Every structure is written in structure tokens, then in C-alpha cells.
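Asks: What would the 3D arrangement of this be:
(one chain, ligands or ions: 1)
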Amino acid sequence: MTRYSRITGTGSYLPPRRLTNVDLAAELAARGVETSDEWIVERTGIRARHFAAPDVTSSDLGVEAAKHALEAAGLQPAEIDLIIVATSTPDMVFPSAACILQNKLGIAGCPAFDVQAVCSGFVYALTIADSMIKTGLASKALVIGAEVFSRILDFSDRTTCVLFGDGAGAVILEASDTPGILASDLHADGKHVDILCVPGHVSGGHVLGNPLLKMDGQAVFKLAVGVLDSAARATLAKANLTAADIDWLIPHQANIRIMRSTAKKLKMPFDKVIVTVDQHGNTSAASIPLALDDAVRSGKVKKGDVLMLEGVGGGFTWGAVLLKY
Ligand code: ACO
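Replies: Numbering: from 1, shown residues only. As a prediction, this is how the structure comes out:
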């Protein structure tokens, strides 16, 4: 019998501190940085984001999302046999956020590692977990996207600091004799390093280079629309389906204009696109599982629906996962 993988539970967690655009604009004004709710909404669709408290890490957010996903799947932590955390803002340089999170779940022994593909991290992690389940290396995987992007924002740069937020989303992916994940398509092109990067880092309290996010927004925008379309089409072709078969498009939540362009290229009505960027901002690797959990818990996504998850981010990296929920 063919072995497939299937999502059996979803969960998410947002840190309690929520800032509307008006709240953020007031904080930035105190630093002499000018922005407005009107500008942010018109250019991005973002209305609010959550920021974690200074002592809260990605694994702290991720473990809360994981607990909700485990509960939804009806599993105990000890039943998990693989943990993958997609993050670009891990707690430490090492050990991985996944190892730290495993310990916080009170379990030990199963493989646990991080995937670093920035905003494509969750589709990368889900594809790896799917492959490990299909080859028999795992049966019950916990796949998480967790970020504290507020830590790497330059709050003197209004072109980037208004775009991002913190949060975590998780899924349980289990072996199944029915699909599940139908197809994936992953890519990277390292020549675009300069248009979106955090060129330096912090290690042991020492800052090396510039540890804050730099982005050429227009270059990212143009590239994102093209690669999201090609990844979606390649994934549909692998599964022998068309865009008309998709019940819900769940793209990386970076900018509502990118999401509108992606839906238009696929000739999908925008009311089939799950949108949470308005409430979460761009939470990088956490954005897709956060949006998925929101759509499941609000009753939009139902068992048996066909979902297209799509990510794009620094690297450049991009990819898509087509699945039957
Ligand atoms: N508030 C007010 N004004 C601003 C702000 C702000 N926060 N930021 C920029 N401006 C000003 C600029 O200074 C500029 O002013 P000028 O015309 O006087 O020079 C004007 O607004 C227009 O700036 P642009 O950069 O041309 O604005 P644009 O329409 O390109 O929107 C944006 C900028 C929102 C960043 C857009 O390019 C974008 O969304 N790009 C994609 C970014 C993205 O999605 N990144 C994430 C994807 S990958 C990942 O998630 C890691």
C-alpha cells in the first residue's frame, strides 16, 4: 500500500502585544520616523501585527502553537517522532530552536532540526517532513513555523519595520494510506542575496556586521509575483490538477498586492485566498501555518478541501505544496 502523509491537526500562537498601524506610527514618531495607517494599508494591506516581549523566543511561541496542533490531532507529545522548525530567528545560533522546543514539550529522542529558508521555510519544512514520512523515517511529524522578526527590524527604516510581526503556526503531519500532500515544488536562487538579507548576526552578545533586515521592496515584489506563479503551476502539473481544483490558496502573507497578483495570474477569485496579513503582518516562516490554522478554526477550510500553500522569501527561495486537507 502506498504511504502518504496528511495534516491531522493545526495550531497557532500570537504573542499578546498587538500594535495597530496607529500604535506603531505613534511609537515610530517618538523616534522621529514618519509613517501612517493610510500608507501602510494602501501599500501592503497590513493593519496590525503582534510583537513578542523581549524575553520571549521563537521556541516559546512555537511550543504554544505545537500544543494547540497536538490537541487538534488528539496526540500526546511523546507520540511525535520528528520535529522540524522553520525559522530565521532561532533562539540561539545553536542548538536549534527545534531541540529547545522538543525539551519544552517534555520529550526526547526523536530527530529535531531547524530549516532556514526565510519566508519559504514552512513549505520547505513540510516537504521534508512529507518525504521523511513517505520513506518511512517518521510517522507523526510536528512541523512548525516560528519567528520573532521584531528582533531583526531596523526601527529607523520605515520601508521595512512596518511590514513584519511575530508569531508561530504548527501542523501535525501523519502517515496515512490516503493523500494528503499531493505535490511539492521547491526552488532557490542565491544570486538575489542582496535584495533581502540580514547581513550580520549576534553571537554570544557580540554584534557582527549589521544584524538588521535590509530589503529592496520593489525588486522583491517583482520577483515574488513571478516565482509564486511558476511554483503554483509546476505543483498543479505534478498532481495533474488545474487552478480550478484549488479550494483555498494560502500564500505567504507578505503583502496583499502580491497576493492579489498571484490569484489573478492563476485566474482564481480573490475570495478563495486566505488573508491574515491584515492582522498579523509578515511573520516570515510562521505566516502560512498561522493563516492555515486561522482558516481551519474559522471553518473556512474543511476536511477534503484542496489547498495550495505558497512561500517566497530571502535567498531567494520559493516553493509550493498542494494538499488535500
Ligand atoms: N510610511 C510612509 N511612507 C513610506 C513608508 C512608510 N512606512 N515606506 C516608504 N515610504 C515612502 C517612500 O519613502 C517613498 O517616498 P518618495 O516617493 O517620497 O521617495 C514612497 O513611500 C514610495 O516608496 P516605494 O518603496 O516606491 O513604495 P512601494 O509602493 O514599492 O511599496 C513596499 C513599498 C510596501 C515595501 C513594496 O515594495 C513591497 O511590498 N515589496 C515587497 C516586500 C515584501 O513583500 N517583502 C517580503 C517578501 S519576502 C519575505 O517575506 C521575507
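Asks: Cys110 in helix, strand or coil?
Replies: Three-state call for Cys110 (DSSP: H, G, I helix; E, B strand; the rest coil): coil.
Asks: can you count the residues close to the closest residue to it other than its chain neighbours?
Replies: Using C-beta to C-beta, 6 or more residues apart in numbering and skipping residues adjacent in sequence, the residue nearest Cys110 is Asp81, 4.7 Å away. In short, each C-beta sits where N, CA and C put it, glycine included. By other C-beta atoms under 10 Å, 18 other residues sit near Asp81.
Asks: ok, now Phe155?
Replies: Considering only other C-beta under 10 Å, Phe155 is surrounded by 15 other residues.
Asks: Okay, and it sits in which element?
Replies: Following DSSP states H and E, one finds Phe155 outside all helices and strands.
Asks: isn't it right up against Leu28?
Replies: Yes. Here Phe155 reaches Leu28: they are 6.7 Å apart, a contact under C-beta atoms under 8 Å.
Asks: Let me see the ranges of the helices in the protein.
Replies: With helices called from DSSP state H, the chain shows them at 21-30, 37-44, 58-73, 97-104, 121-134, 158-161, 217-238, 256-265, 277-280, 287-297.
Asks: any chance of the ones you listed in CSV, plus distance to Thr317?
Replies: Below are the helices of the chain laid out as CSV (distance: least, C-beta to C-beta, whole Å):
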stretch, distance to Thr317
helix 21-30, 28
helix 37-44, 21
helix 58-73, 18
helix 97-104, 18
helix 121-134, 7
helix 158-161, 18
helix 217-238, 9
helix 256-265, 15
helix 277-280, 19
helix 287-297, 13
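Asks: So for the ligand, which of those helices sits nearest?
Replies: helix 217-238 (2.8 Å; C-beta to the nearest ligand atom).
Asks: Buried ones in the closest one, by neighbour count?
Replies: For helix 217-238, the neighbour count (16 or more other C-beta atoms under 10 Å) marks 220-221, 223-225, 227-229, 231-236 as buried.
Asks: And for stretch 126-137?
Replies: Neighbour count says stretch 126-137 has 126-130, 132-134 buried, by 16+ other C-beta under 10 Å.
Asks: Am I right that Leu236 is in contact with Val321?
Replies: No. If you go by C-beta under 8 Å, Leu236 and Val321 don't touch, sitting 11.6 Å apart.
Asks: Now do the shared contacts for the two.
Replies: Overlap of the contact sets of Leu236 and Val321 (by C-beta atoms under 8 Å, 6 or more residues apart in numbering) consists of 183, 308.
Asks: which residue sits closest to Thr2, ignoring its sequence neighbours?
Replies: That would be Asp177: by C-beta to C-beta, 6+ apart, it lies 7.3 Å from Thr2.
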